Structures are given as C-alpha cells and as structure tokens.
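**Student:** quick one, fold the following:
(4 chains)
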Number of protein chains: 2
Amino acid sequence: MATRDDARRRKADGAPTRQQDPEGTRRNILEIASEEFALNGLSGARIDEIAARTRSSKRMIYYYFGDKEGLYLAALENAYRLVREGEAELDTDGLPPVEALRRLVEFTFDHHHQHESFIRMVMIENIHHADYLDRSEVIRQLNVTAIDNIASIYSRGVAEGWFRPGLDPVDLHWQISALCFFNVSNRATFSRIFDRDLGSLEAQATLRGQVVDMVLRFVMRADRLAAE
Amino acid sequence: MATRDDARRRKADGAPTRQQDPEGTRRNILEIASEEFALNGLSGARIDEIAARTRSSKRMIYYYFGDKEGLYLAALENAYRLVREGEAELDTDGLPPVEALRRLVEFTFDHHHQHESFIRMVMIENIHHADYLDRSEVIRQLNVTAIDNIASIYSRGVAEGWFRPGLDPVDLHWQISALCFFNVSNRATFSRIFDRDLGSLEAQATLRGQVVDMVLRFVMRADRLAAE
DNA sequence: CATTATGTACAAACCAGTTCGTTATAATGG
DNA sequence: CCATTATAACGAACTGGTTTGTACATAATG
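**Tutor:** From the prediction side, this is the model:
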C-alpha cells in the first residue's frame, strides 16, 4: 500500500522504482569489473577504466567493494556462481550410464566453451596461486555438487557392468575438466603454434568428439568397448 | 694472442675474462626477468624489482631489451627454447610403439611438472591472447619437432596393429598437452576447491598413471586393450 | 677518438585510494 | 503533517606513491 503519491516512490510490481538503485549499481559495477578483470587480469585491470565504463563512478566502486582486491574477489565469486548455476541445469537422471557420461562431458565441453571469461578468471586466479579463492567462503561450497553428479553416474555404470570399478569421481572430474578447460585456456597459443584455428566450428566439433571418446574409453570396461 | 699484458684482459681458456661481460649481463637480466614475469605476469612484474635483483641496473635492461615488452618477449622465447631443448633429450626409437607412447606421455607429464615457470609463462601468454608469441619468429619453429616424434610413434603403432588408425598426431599432441598442462596450471584452484594437495607425491603418481592410461586407451585398438 | 657498456638522478605519466561536498531517502520528534 | 536529523547514494577533484622510461655523465675498449 503506497502511502505517498510521489512518482518517485511508485511501485512497479512490489519493488520500489527508486531513482537510487543500489542493487542495480552494484550489479552494474560487478559486471563491468568482471569483464575487465577477465580481460586484463588483476594487475592489468584499471579501476579508472572500470569506473568509466560503469553507469556509476569510482567513488561507488570503493563505496561498495572497499578496494581493488575486494572488487576482484567479488568478480571471482560472481564468475563461479554464474557458471555453477548454469551447470545445475544438466539433468542426466533418466539416461543409461554411458549416455549420461557422454552428455556430461559434452555439456562440460560446451559450457566451458561458452564461458570463456570464467575460464580466464580461473587462469588468472591460478596465476595468483589461488590466494583469493582461498579467502572466499562462498566458492568452495559451489563445487561439491559437480562431484555428486559424476559420482552417481559412475556408480550406476559400475553396477550395471559398463564401467570398470576402482576409479575416483574427483579424479574423473579432473580428467574431464583438464580436457575441456585446456580447450579454452590454451587455444590462443596452440592455434598460433600449429597454425590452425582451433576456435573454428569444425575444429571444435572434432575436439569435442575426441574428448568424449577419450573419457568414455577411459571409464568403460575394455570388453564393452570391443563389443560395441 | 694476447697483445697486452693487462690482468684484466687475461684469457682463462680461450674466452676473454673481461670486467665488462655483455653476454653474461644479458643472460643474468633475462634469467631474473623470466622469474619475475613467470611469477607476476606482464603487468604485474616490475622493472625496478627486476633491476634490483640483477647484477646490473635498470639502465642496462633498456639498453639490451628496449622496453618492458621487449624484455617480456625475450623471456617468453627463452622459456620455450629451454623447454624444447629439454624435450629433445627424449629418445623412443628403440621401443615398441605402446612403450614408446607410454614413455612420451610420462616424459611430458614429468617435464611439465618440473618446468612450472614455463607453464606459467604460457598461461600468461594465453591471457594476452598469444599476442607476443605472434610477434616471435623464433618460437613457432621450435614446436614442429614435438609433432614429428608423436607422428612416428603413432604410425609405427598403426602399422604393427597396436593403434587404431585415423587419428591426427597434432590432435594427439593436444590431448597429451591438455592433461599434462592442466596438472600444473590448475593445481592451485583444484587443490583448494577439493581440499586435496594435488602437488603431493602420491597425488602426482596417481594422476600420472591415469594420464598415461587415458592416452593409451584412447589410441590403442579396443581388442588389444581387452587382450591385455 | 669513436664506440660500447654502465651508473645516477630525474621526469612524466599513471593509478589506487581519499577528501569533501551534494542530493536523496528514512527516521524521529513535535 | 511538517521540520529536523541521520544515513545512504553519488560526483569531481585531488593526493601521494609508484612505475616506466630518459637525460646526462662516466668508464672501458679498440
């Protein structure tokens, strides 16, 4: 119930339409900062440049995020959150184990490919020896579910006789990540050195197929592979 | 023949012992610069810090390398040269194909592990979209031999009935690189997120075995795998 | 004496973070 | 319902330290 008939305080649909919009400002700063950090790294990014591209100002960056490192950490957390939220959309429950694993790898491959700036943030964070990730309470929690998914597919596969036993789901996640991550992280140097455009549709299709193949061959029982 | 009997110009064993040693100074600068760039990135590294750690001075850095980017490029080329020279030591000629491939993967895994600062330079260069590598005449040539080695092992393996046909040696190199590179490049974030020390001896031994396994299973014919 | 090699001090630009001031909204008291 | 005060949101200009690069001077070398 709007008590005052002031245009500035009108409610659109429950949320007040204010000319001051702290949440929006914060989000806007974070988006631009994420782009700049992903593009230029922590030391390469410029607060002034971020501020200039924002709807807001430098003053507001310090108002909301404290300092450059605080802004970087927020951008890092944001990158992880966005990507993990996207990953939650994958559902392999109905599928038989081999198909489920195939879908998981394909999905991871595509997802990494589509989220290059997340990959770059992780690269940058590794350059910094994961120091900022270490300070973040938020990020670690986000990654547990990824393992649950693999673990359930794998144990079903073993139970149904398709997968060989004795593998560790975290190791499996490592292998899949390695291949899908490298595809994005090292594309530039690899393309230049071998004079191929690995970003092209054809090259990506080939790589994707091979990555899937590689994981499946690693996990499946040899007799099941030969039988195919 | 030493014309002057000046102590400063004495020859030790053919090389003049000069108090001015341009090659030595250059090399010293390059070594320190490589460490600093690998540690802090292009924008993170500080010329003053490099100069301070050198036997020489900031003046000499600009004298020999022009500017910061020139120094970075020299460090990048140096990193590639060192690593590729090391790789040339691997000899798999006498070995049967499966063993040769196994050796190649193990060697690559170990070699990447031992040359972390090379890995970091490549990471940093990828952050810069391989712009500097692009300007280097030197680097591209260094990488061709790596492919020759794989290609010869692979074609022998196919001819002798151990490997399945139809694979591309460059793709194979990509897969091996991906797994061995990721092991070093993403160790920090992966260790933190999954609360495991992936740098420990045990973890490295496990990963190494799995990487080898993964590549062999990918390349070998399924009937040969099952027969083992 | 010309060229190469080296040290010192400085300048100009850059950049993170702050100061100070203004306006908008919420809270309180009459 | 208005006045007053507190606090939240924002902007412009500035500061102090940093950092790349240079000017100038000097020493060694041929």
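
**Student:** quick check: closest non-adjacent residue to residue A:183.
**Tutor:** Sequence neighbours aside, residue A:207 is the residue nearest to residue A:183 in space, at 6.0 Å (criterion: CB to CB, 6 or more residues apart in numbering or on different chains). (Each C-beta comes from the backbone N, C-alpha and C, glycine too.)

**Student:** that neighbour touches residue B:174, doesn't it?
**Tutor:** Yes. Residue A:207 is in contact with residue B:174 according to CB atoms under 8 Å; the separation is 7.3 Å.

**Student:** tell me the centre residue of chain A?
**Tutor:** What sits nearest the mean C-alpha location of chain A, by CA atoms, centre = their mean, is residue A:83, with 3.4 Å.

**Student:** spatially nearest residue to that one (excluding sequence neighbours)?
**Tutor:** Distances taken as CB to CB, 6+ apart place residue A:118 nearest to residue A:83, at 4.7 Å, with adjacent residues excluded.

**Student:** and what of residue A:190?
**Tutor:** The shortest distance from residue A:190 to any residue other than its chain neighbours is 5.9 Å, reached at residue A:198 (CB to CB, 6+ apart).

**Student:** just give the number of residues close to the one you found.
**Tutor:** A count of neighbours around residue A:198, defined by other CB atoms under 10 Å in any protein chain shown, yields 20.

**Student:** likewise for residue A:47?
**Tutor:** Residues near residue A:47, counting by other CB under 10 Å, number 16.

**Student:** OK, contacts around it?
**Tutor:** For residue A:47, the contact set (CB atoms under 8 Å, 6 or more residues apart in numbering or on different chains) comprises A:58, A:61, A:68, A:71.

**Student:** so how far is residue A:48 from the third one?
**Tutor:** For residue A:68, the distance to residue A:48 equals 11 Å [CB to CB, to the nearest Å].

**Student:** neighbour count winner among these two?
**Tutor:** Between residue A:68 and residue A:48, counting by other CB under 10 Å, residue A:68 is the more crowded of the two (18 against 9).

**Student:** for the biggest helix by length in chain A, name the packing helices and strands.
**Tutor:** Ranked by number of residues, the top helix in chain A under DSSP state H is helix A:22-44. Helix A:22-44 makes packing contacts with helix A:47-53, helix A:58-65, helix A:68-87, helix A:116-127, helix B:22-44 when contacts are defined by 3 or more CB pairs under 8 Å, 6 or more residues apart in numbering or on different chains; DSSP states H and E.

**Student:** in the helix or strand containing residue A:177, what's buried?
**Tutor:** In this assignment (DSSP states H and E), residue A:177 forms part of helix A:169-185. Of the residues in helix A:169-185, those with enough neighbours to count as buried (16 or more other CB atoms under 10 Å in any protein chain shown) are A:169-170, A:172-185.

**Student:** for stretch A:200-214, same thing?
**Tutor:** By neighbour count, and taking 16+ other CB under 10 Å as the criterion, the buried residues in stretch A:200-214 are A:203-204, A:207-208, A:210-212, A:214.

**Student:** in helices only, show me those.
**Tutor:** Reading helices off the buried residues of stretch A:200-214 with DSSP H, I get A:203-204, A:207-208, A:210-212, A:214.

**Student:** mean confidence score for the longest helix of chain A?
**Tutor:** The average of the pLDDT scores along helix A:22-44 is 92.

**Student:** same question, stretch A:113-125
**Tutor:** 97.

**Student:** who's in contact with residue A:179?
**Tutor:** Taking CB under 8 Å, 6+ apart as the test, what residue A:179 contacts is A:109, A:211, A:214-215, B:175, B:178-179, B:182.

**Student:** next one: it from residue B:182, what distance?
**Tutor:** As for residue A:179, its distance to residue B:182 is 8 Å (criterion: CB to CB).

**Student:** where in chain A is pLDDT low?
**Tutor:** A:1-20, A:227-228 (pLDDT under 70).

**Student:** how does it divide into domains?
**Tutor:** A:17-66, A:77-227 (automatic domain parsing).

**Student:** hang on, the earlier thing: what's the closest of the buried residues of stretch A:200-214 to residue A:25?
**Tutor:** Closest approach between the buried residues of stretch A:200-214 and residue A:25, by CB to CB: residue A:204, at 37.6 Å.

**Student:** what residues does chain A put near DNA strand D?
**Tutor:** Where proximity means CB under 7 Å from any atom of the strand, the interface of chain A facing DNA strand D comprises A:20-22, A:25, A:56-60, A:63.

**Student:** please pick the buried ones from those residues.
**Tutor:** When burial is judged by neighbour count using 16+ other CB under 10 Å, the buried members of the residues of chain A next to DNA strand D are A:25, A:56, A:60.

**Student:** residues contacting residue A:50?
**Tutor:** Here residue A:50 is in contact with A:29, A:32-33, A:36, A:61, A:71 (criterion: CB under 8 Å, 6+ apart).

**Student:** and it, how far from residue B:41?
**Tutor:** Remark: distance between residue A:50 and residue B:41 (CB to CB) = 18 Å.

**Student:** likewise for residue A:222?
**Tutor:** For residue A:222, the distance to residue B:41 - CB to CB - is 44 Å.

**Student:** who has more neighbours out of those two?
**Tutor:** Taking other CB under 10 Å, residue A:222 and residue B:41 do not tie; residue B:41 has more neighbours (25 against 18).

**Student:** correct me, but that one touches residue B:126?
**Tutor:** No. With the criterion set as CB under 8 Å, residue B:41 and residue B:126 do not qualify as a contacting pair; they are 11.4 Å apart.

**Student:** number of nearby residues for residue A:137?
**Tutor:** A total of 7 residues lie near residue A:137 under the criterion other CB under 10 Å.

**Student:** ok, the one 5 residues further on next?
**Tutor:** Neighbouring residues of residue A:142 were enumerated by other CB under 10 Å; the total is 18.

**Student:** next: residue A:117.
**Tutor:** So residue A:117, with other CB under 10 Å, has 17 neighbours.

**Student:** what residues are up against it?
**Tutor:** Taking CB under 8 Å, 6+ apart, one finds A:34-35, A:38-39, A:79 in contact with residue A:117.

**Student:** now residue A:92
**Tutor:** Under the criterion of CB under 8 Å, 6+ apart, the neighbours of residue A:92 are A:99-100, A:103-104, A:149, A:153.

**Student:** which SS state does it fall under?
**Tutor:** For residue A:92, the secondary structure call by DSSP: H, G, I helix; E, B strand; the rest coil comes out as coil.

**Student:** any idea how far it lies from residue A:105?
**Tutor:** Relative to residue A:105, residue A:92 is positioned 11 Å away (CB to CB).

**Student:** please apply the same query to residue A:36.
**Tutor:** 32 Å.

**Student:** helix or strand: which one has the closest residue to residue A:212 other than its chain neighbours?
**Tutor:** Spatially, and ignoring its direct neighbours in sequence, residue A:212 is nearest to residue A:105 (4.9 Å; CB to CB, 6+ apart). Per DSSP H and E: residue A:105 is located in helix A:97-114.

**Student:** quick revisit: redo the domains of chain A as TSV? Include distance to residue B:143.
**Tutor:** As requested, these are exported to TSV (distance: least, CB to CB, whole Å):
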stretch	distance to residue B:143
domain A:17-66	25
domain A:77-227	5
